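Enquirer: quick check, what structure comes out for this input:
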Amino acid sequence: MLETLYNYFGFTGSLIVAFFSFLFFVFWIAGVAGICSKNRPPVRQTIFISLAVFVPIYPVLWLIADMIKQKRELRKL
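Expert: Residues are numbered from 1 along each chain as shown. Model (predicted):
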């Protein structure tokens, strides 16, 4: 797999792809943790956790939206 990545993107490209893959994984884990920490009714919590697991981009988008919301709240102070 690494050889294919290297052959397809070259050295610099494979480093960039690996770096962004790592960042996506970290943001995904942080998004799942944030989604799980909210207090919701059990049925809604199950839906949100299922979305987070089966749609990998959802926790990342949720995390970005939550960061924007926090920034706006901090600006109000």
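Enquirer: so in the protein, which helix runs the longest?
Expert: helix 2-37 (DSSP state H).
Enquirer: tell me the mean pLDDT over the next helix or strand after it?
Expert: Next along the chain after helix 2-37, taking DSSP states H and E as the criterion, comes helix 42-54. In this model, helix 42-54 has a mean pLDDT of 93.
Enquirer: run through the neighbouring helices and strands of helix 42-54.
Expert: helix 2-37, helix 57-76 (3 or more C-beta pairs under 8 Å, 6 or more residues apart in numbering; DSSP states H and E). C-beta: built from backbone N, CA, C; applies to glycine.
Enquirer: what are the buried residues along it?
Expert: Across helix 42-54, burial judged by 16 or more other C-beta atoms under 10 Å covers 48, 52.
Enquirer: identify the residues contacting it?
Expert: 31-32, 35-36, 38, 40, 58-59, 62 (C-beta atoms under 8 Å, 6 or more residues apart in numbering).
Enquirer: now do 7 Å
Expert: Helix 42-54 has contacts (C-beta atoms under 7 Å, 6 or more residues apart in numbering) with 31-32, 35-36, 40, 58-59.
Enquirer: sorry, back to before: which other helices and strands does the longest helix of the chain contact?
Expert: helix 42-54, helix 57-76 (3 or more C-beta pairs under 7 Å, 6 or more residues apart in numbering; DSSP states H and E).
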